[in-house]
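Colleague: Can you look at this prediction? I've put the sequence above it.
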Amino acid sequence: MSFVKGLKCRECGREYPVKLLAGCEDCFGPLEADYHYEAIAKKLTRDALSSRPKTIWKYWELLPLESEPKIGLSTGGTPLVRAERLGRKLGIDNLYLKNDSVNCPTLSFKDRVTAVAINKALEFKLQAVGCASTGNLANSVAANAAAAGLPSFILIPDNLEPSKVAATQIFGSRVIAVKGNYDAVNRLCSQIVDRYPWGFVNVNLRPFYAEGSKTIGYEVAEQLGWHAPDAIVVPMAGGAMISKIYKGLKELQRLGLISENERTRLYGAQAAGCNPIIDAVRRGTRDIRPVKPNTIAKSLAIGNPADGYYAASLIPESGGWAEDCTDDELVAGIQLLAETEGIFTETAGGVTVAVAQKLVEQGRIKQTDLTVLAITGNGLKTLEALDLAPPQAIEPKLAAFEEVFGGAYHVA
Ligand SMILES: *Cc1c(COP(=O)(O)O)cnc(C)c1O
Ligand SMILES: [Zn+2]
């Protein structure tokens, strides 16, 4: 039995039964899943949760499905890593990393949202699925569609990283590179779903898709022993994840799983070359001025963010802030995380680390704050962002080795 009440417009509050719908028919506002929380509270106790397998499906009652999931069964349950070495560098005593760079099956946080959306597509018996993507979503939709036995149409901007393109094509998807940026791709996808009976995960399946992001909030709280962090730094593209992590934490309070008194400050991170949400927060408004993206953080390069309005409202409301960083700073962030914690993240993760560093310097994140950084993607997918010198080549001779090694260490 499902615990989903239906869909509700975030703007005018109009309620709808569960169906395939991109937005409110009255006001075009975005739709959000609503649940029978009293019934869920009876079932989802800390005890009951402790014995369930560590995947996003642990929180099935809080996800908008009617039946058992059929694909994406190992998604979620990613490590929350205590990061002492990085914490010392940044000046945070209590630092944790939510490491979605090892999410299954395609090594990014997008596996969470896709798993929900593709299962929903199976429930709706749709004939094909697809998405507009900045890269990671393409990988994830292609993989999960293959596992579900559904054909997929993936539309991407024509300037994506080659590894992200290859890691989409390999699943047998129809990958279509659109001459233009993500916002042009997205507009085209809206026209496609108007004409064809397909489910595009971030267009007409968006109300279901977006709910998958809440699971980061659930997992972090449970992994902290049922506590909300003081601060969480989240990279933003469309701005959905940061809003949904907040919704997830609020739901846990409503269900009595974490204390009502715990407050989490949301910190949004973007690259300076595509920072429309940061710009709105700085101007003290929620009205987004769209930008033309120009950054190597392509997974975050959405110039007209669908949930930007909500992100720009929630961030200050939570007592948090939003900050950006340059491409050089994000590359330094990737390097710093790798060298201190042994975690190789993509450009979005570099943005998170670089922005966290600034927020500490600005005094917004305090040394004693229990702080979580959302590391949302894997570095092997954005190797082009790095400019590492090739390793030194030598003859296979001990003398040659000793010449380059230079004797910097003593043999005891
Ligand atoms: C998509 C993506 C994000 C941002 O998600 P939004 O919900 O669109 O804000 C962050 N990190 C990575 C790696 C992503 O692929
Ligand atoms: Zn409405």
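Modeller: Yes, it's here. Numbering: from 1, shown residues only. Ligands and ions are numbered 1, 2, ... in the order given.
Colleague: So what does the residue most central in space within the chain have for phi and psi?
Modeller: Nearest to the geometric centre of the chain sits F109, at 4.3 Å (Cα atoms, centre = their mean). Main-chain torsions, F109, degrees, to the nearest 10: phi -60, psi -20.
Colleague: ok, so what distance separates it from A115?
Modeller: Per Cβ to Cβ, to the nearest Å, F109 is found 11 Å from A115. From N, CA and C alone the C-beta is placed, and that goes for glycine too.
Colleague: show me where the stretch 1-150 of the chain has strands.
Modeller: 4-9, 15-16, 31-35, 80-82, 94-99, 129-132 (DSSP state E, counting those that start in this stretch).
Colleague: Averaged pLDDT, the shortest one. What do you get?
Modeller: Right, the one you point to is strand 15-16. For strand 15-16, the mean per-residue pLDDT is 96.
Colleague: So which elements touch it?
Modeller: strand 4-9 (3 or more Cβ pairs under 8 Å, 6 or more residues apart in numbering; DSSP states H and E).
Colleague: report the angle between the axes of the strand it packs on and strand 31-35?
Modeller: Angle of strand 4-9 versus strand 31-35, following axes from the mean of the first three to the mean of the last three Cα atoms, to 10 degrees, is 150 degrees.
Colleague: got the contact list for the lowest-mean-pLDDT helix or strand in the chain?
Modeller: Least confident helix or strand of the chain, by mean pLDDT, DSSP states H and E, is helix 398-405 with a mean of 89. For helix 398-405, contacts defined as Cβ atoms under 8 Å, 6 or more residues apart in numbering pick out 392, 394.
Colleague: distance between that helix and the chain's centre?
Modeller: How far helix 398-405 lies from its chain's middle: 45 Å, per Cα atoms, centre = their mean, to the nearest Å.
Colleague: buried stuff in it?
Modeller: Across helix 398-405, burial judged by 16 or more other Cβ atoms under 10 Å covers no residue at all.
Colleague: Just the CA coordinates for it, please, in PDB.
Modeller: Presented in PDB, the C-alpha positions along helix 398-405 are these (Å, rounded to 0.1, in the frame of the first residue of the first chain):
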ATOM      1  CA  LEU A 398      67.400   1.400 -10.300                       C
ATOM      2  CA  ALA A 399      70.000   4.100 -11.000                       C
ATOM      3  CA  ALA A 400      67.400   5.900 -13.200                       C
ATOM      4  CA  PHE A 401      64.800   5.700 -10.400                       C
ATOM      5  CA  GLU A 402      67.300   7.000  -7.800                       C
ATOM      6  CA  GLU A 403      68.100   9.900 -10.100                       C
ATOM      7  CA  VAL A 404      64.400  11.100 -10.300                       C
ATOM      8  CA  PHE A 405      63.600  10.100  -6.700                       C
END
